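A.B. asks: please work out how this folds:
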Amino acid sequence: MKVVLRTDVSGVGYKGDVVDISDGFAQNKLIPQGMAFKASAGAEREAENMRKAREIKASEEKAEAVEMASRMQDQILAIEMKAGEAGKLFGSVTAADISTALSTQKNITLDRKAIEITESIKEIGSYPISVKPHPEVEFTISVNVVAESE
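C.D. replies: I've put the predicted structure just below:
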């Protein structure tokens, strides 16, 4: 049975795709759960519109990520943490800490999952951090960890 997907379905396709799947899967799962509807001439035109909207949204997201990368490439981000005498931190710097610092210092909202910390940050110092705001865009920032002043 040919159906038009209303949402992304793992292993089947993406929103707006016209896919040919088994009748049972379509009638028992996808259509009752509102994840798809039967394909017809009008439905295929609607699917084409969904596909175009998805492509436009994806290109806008990529353009935003490229613009962010050009602004943030090689920027230095300062994070204050409590530290002991020898420069050891009480805890470690996490991706969430870096995301919060980006938001407050650079006014950039970024999900913590886009921040890739290759080594554990447990001491005062400067660390290169890879940021991947989009699957095709990646840039590096420097995180400077300093001791919190009392």
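A.B. asks: contacts for the helix or strand containing residue 90, please.
C.D. replies: Of the helices and strands defined by DSSP states H and E, residue 90 is found in strand 88-93. With contacts defined as CB atoms under 8 Å, 6 or more residues apart in numbering, strand 88-93 is touched by 79, 81-84, 117, 120-124, 127, 143, 145. (Glycine included, C-beta is placed from N, CA and C.)
A.B. asks: please list only the buried members of these.
C.D. replies: 79, 81, 83, 117, 121-124, 127, 143, 145 (16 or more other CB atoms under 10 Å).
A.B. asks: got these as CSV, with secondary structure and distance to residue 21 columns?
C.D. replies: Shown next, in CSV, are the buried ones among the contacts of strand 88-93 (DSSP: H, G, I helix; E, B strand; the rest coil; distance: CB to CB, whole Å):
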residue, secondary structure, distance to residue 21
79, strand, 49
81, strand, 52
83, strand, 57
117, coil, 41
121, strand, 47
122, strand, 50
123, strand, 54
124, coil, 56
127, strand, 48
143, strand, 47
145, strand, 52
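A.B. asks: check the residues you listed and tell me the two furthest apart.
C.D. replies: Greatest spacing in the buried ones among the contacts of strand 88-93, by CB to CB: 83 and 117 (17.8 Å).
A.B. asks: following the chain onward from the strand or helix carrying residue 101, which element is next?
C.D. replies: Per DSSP H and E, residue 101 falls inside helix 95-105. Per DSSP H and E, the first helix or strand lying C-terminal to helix 95-105 is strand 115-116.
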